[in-house]
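K.L.:
Okay, sequence plus prediction incoming.
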Amino acid sequence: MALEDQIAKAMRYWGVIMRGVYTRVSTSELWAAIREHSQTQPGESLGFGAAAVSRLRGIAARIRDFAARVMGTSSGGYIDWTNVPVAPWARPPDERALNPQYAIRVYGDWLGPTGIDTGWRMITLSGSLPNRMNDLIDTLRQASVQNVSSGAWANTPNVLEKVHQLEIMAV
């Protein structure tokens, strides 16, 4: 089976792999977590191998490291957008070059009908991203307002108040 096919199957465990990268688990601990999530026994085939998990683990590590670099930028400081990690489900490079889009997972305080809620939300931005941290946060806040007003976030009508963490990926 081709590596790309294996990666597609391993994507079912993207959350497990990301969590493993953030908590810096060993390779054996990561495989144990994947097996536990898949409810398979050691020796049973998952449909993918170590190369697929290693590729996804590398992407997850780049996302984690880029997030740390961006979050280390002062509020008025410039953001270095070189080497934005590419999501494993991203469009082909030529499409990304013609129409840049970014999936940004935001862990923040969200103002909703019942008050402040702290948690993760995904915001997609298109085109060039702001060069300053405070401008990026303002753009994310405006996108959250637009998502609520358009009905895109009908189930979670919350507006971004404060950012605690960001994960940014080119899609």
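P.N.:
On my side now, so go ahead.
K.L.:
Now do the strands in the chain.
P.N.:
101-112, 115-126, 159-170 (DSSP state E).
K.L.:
Return the set of buried residues in the first one.
P.N.:
With burial defined by 16 or more other C-beta atoms under 10 Å, the residues of strand 101-112 counted as buried are Q101, Y102, A103, I104, R105, V106, G108, W110, L111. Any C-beta I mention is one placed from the backbone N, CA and C, and that applies to glycine too.
K.L.:
Not counting its own residues, what contacts that strand?
P.N.:
Under the criterion C-beta atoms under 8 Å, 6 or more residues apart in numbering, residues 84, 87, 91, 116-126, 129, 140, 144, 156-171 lie in contact with strand 101-112.
K.L.:
Please, a PyMOL command that selects the buried ones among the residues you listed?
P.N.:
In PyMOL, a selection of the buried entries from the contacts of strand 101-112 looks like this (16+ other C-beta under 10 Å):
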select buried, resi 84+87+121+123+125+129+140+144+157+158+159+160+163+166+167+168+169+170+171
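K.L.:
quick revisit: can you tell me which of the buried residues of strand 101-112 lies nearest to L3?
P.N.:
A103 (23.2 Å; C-beta to C-beta).
K.L.:
Tell me the spacing between that closest one and P88.
P.N.:
According to C-beta to C-beta, to the nearest Å, A103 stands 11 Å off from P88.
K.L.:
got it, and H37?
P.N.:
In terms of C-beta to C-beta, H37 sits 17 Å off from P88.
K.L.:
With neighbour numbers in mind, choose between those two.
P.N.:
More crowded of H37 and P88, by other C-beta atoms under 10 Å: P88, with 20 against 14.
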